[in-house]
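A.B. asks: what's the 3D shape of this:
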Amino acid sequence: MKHFINLKDIPAKDLRKIIIDAKKRKNLRKKLSTLEVDKGAPLKGKLLIQMFEKSSLRTRLSFYLAIKQLGGGTLTLRSNELHLGQGGESIADTAKILSTYGDGFMLRTDSDKKVENFKKYLSIPVINGLSPSSHPTQVLSDVFTVEEIKKKPISKLNICWIGDSNNVLDSLIAASVKFSFKLSIGCPRKFEPDSKVRNWVKKNKKKIFIYNDPKKAVLNADVIFSDKVISLNDKVNKKKKIQAFKNFKIDKKLMGYANKNCIFLHCLPRGNEVSEDIFLGKKSHVWVQALNRVHVQKSILLYCFGKLR
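C.D. replies: Predicted coordinates for the structure are as follows:
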């Protein structure tokens with residue numbers, strides 16, 4: 001049994017094994033319909049319990065399809081429907097019940113501590129579907145997408161992030177260490193990654209490049225990532241934050257500073273951080289990026305269940 005909570009804590013060789021398996025599984029599904037089960041049904045009889053404390057579209061759909069295509073089933077819960085949210089039942093007791101009924105647990109939450117507490121008390125694998133400091137399933141899938149489109153290891157590419165320092169960026173920084181790729185970050189000074197993240201990078205003898213000028217950040221980039229500047233539960237002055245990022249919009253002019261064959265990726269949903277012509281243009285691969293989460297999360301599930309070959 002293995003957990004999938006933060007890319008920082010997972011060996012690089014295991015992350016690479018997940019990507020290799022996902023590539024094989026995607027290729028094998030070319031002639032299969034959406035709900036047809038993979039050959040051998042490796043997770044037949046297994047139940048994944050999902051719990052959402054935050055809104056979700058892609059994570060919810062992709063994990064549902066992932067476990068179904070592996071031959072298992074899923075049950076989706078919302079915390080406000082449980083005694084955990086309304087009746088004061090402890091995480092320890094909730095975890096005992098979840099471990100009794102299910103074989104794996106995926107949590108999308110607004111509390112990193114809650115993820116760690118479930119890990120402490122559950123006797124089944126825990127997968128972090130998103131927390132304040134990490135979005136590991138999204139970013140590992142993004143690494144897969146980059147290598148699929150560019151047809152080369154991500155370590156040979158210049159990766160750029162334009163936007164806020166959030167959980168997706170934290171996981172992308174972790175990925176830059178695990179997969180040894182150059183990462184340039186473009187954001188206003190007040191929105192740079194915090195010292196804790198930077199110190200972790202230094203501790204691992206790696207380096208990230210931070211620019212307050214978006215043109216310098218995207219220079220020679222092969223891939224540009226972005227995310228919404230204003231998140232759903234952002235507790236900031238939204239007008240001031242939007243104003244701070246006004247020069248960081250990804251448009252045709254900014255993309256012109258990147259490499260000619262640079263691609264654009266976005267974890268979605270989008271806001272005003274990217275122009276319509278870029279988002280819907282030939283350089284954008286956001287729909288393939290979203291679909292690839294199914295394939296990578298299948299391999300993450302196999303990894304957690306000890307079934308990854």
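A.B. asks: mind checking the backbone torsions on Ile263?
C.D. replies: Phi and psi for Ile263, reported as degrees, to the nearest 10, are phi -110, psi 160.
A.B. asks: Could you tell me the per-residue confidence at it?
C.D. replies: For Ile263, the pLDDT comes out at 98.
A.B. asks: do the same with Gly87
C.D. replies: At Gly87, pLDDT is 64.
A.B. asks: Same check on Ala12?
C.D. replies: 98.
A.B. asks: ok, for it, nearest residue in space, not its chain neighbours?
C.D. replies: Among residues not flanking Ala12 along the chain, Lys178 sits closest, at 4.4 Å (CB to CB, 6 or more residues apart in numbering). All C-beta atoms are positioned from the backbone trio N, CA, C, and that covers glycine.
A.B. asks: Spit out the contact partners of that neighbour.
C.D. replies: Counting by CB atoms under 8 Å, 6 or more residues apart in numbering, Lys178 makes contact with Leu7, Ile10, Ala12, Leu15.
A.B. asks: Spatially nearest residue to Thr109 (excluding sequence neighbours)?
C.D. replies: Leaving out its chain neighbours, Thr109 is closest to Glu53 (CB to CB, 6+ apart), at 4.6 Å.
A.B. asks: pLDDT score for Leu84?
C.D. replies: Leu84 is given a pLDDT of 78.
A.B. asks: Does it fall in a helix, a strand, or a coil region?
C.D. replies: Recorded secondary structure, Leu84: helix (DSSP: H, G, I helix; E, B strand; the rest coil).
A.B. asks: How about the contacts made by it?
C.D. replies: Leu84 neighbours (CB under 8 Å, 6+ apart): Ser90, Ile91, Thr94.
A.B. asks: most neighbours, which of those?
C.D. replies: Among the contacts of Leu84, Thr94 has the most neighbours (other CB atoms under 10 Å), with 20 neighbours.
A.B. asks: what residue ranges in the chain score low on pLDDT?
C.D. replies: Applying pLDDT under 70 to the chain flags residues 85-87, 232-233.
A.B. asks: can you map out the helices along it?
C.D. replies: Secondary structure of the chain by DSSP state H: the helices cover 12-28, 58-69, 83-86, 91-101, 112-121, 136-150, 167-178, 195-203, 214-218, 238-244, 252-255, 276-279, 286-304.
A.B. asks: nearest to Asn158, of the ones you listed?
C.D. replies: helix 214-218 (9.3 Å; CB to CB).
A.B. asks: Buried residues in the closest one, which are they?
C.D. replies: Residues of helix 214-218 classed as buried: Pro214, Ala217, Val218 (neighbour count, 16 or more other CB atoms under 10 Å).
A.B. asks: Gly186 is in contact with the second one, correct?
C.D. replies: Yes. Taking CB atoms under 8 Å as the contact criterion, Ala217 and Gly186 are neighbours in contact, 2.9 Å apart.
A.B. asks: Mutual contacts of those two, please.
C.D. replies: In contact with both Ala217 and Gly186: Cys160, Trp161, Ile162, Tyr211, using CB under 8 Å, 6+ apart.
A.B. asks: Output the contacts of Leu84 as a markdown table; include the columns distance to Asn259.
C.D. replies: Below are the contacts of Leu84 laid out as a markdown table (distance: CB to CB, whole Å):
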| residue | distance to Asn259 |
| --- | --- |
| Ser90 | 53 |
| Ile91 | 47 |
| Thr94 | 49 |
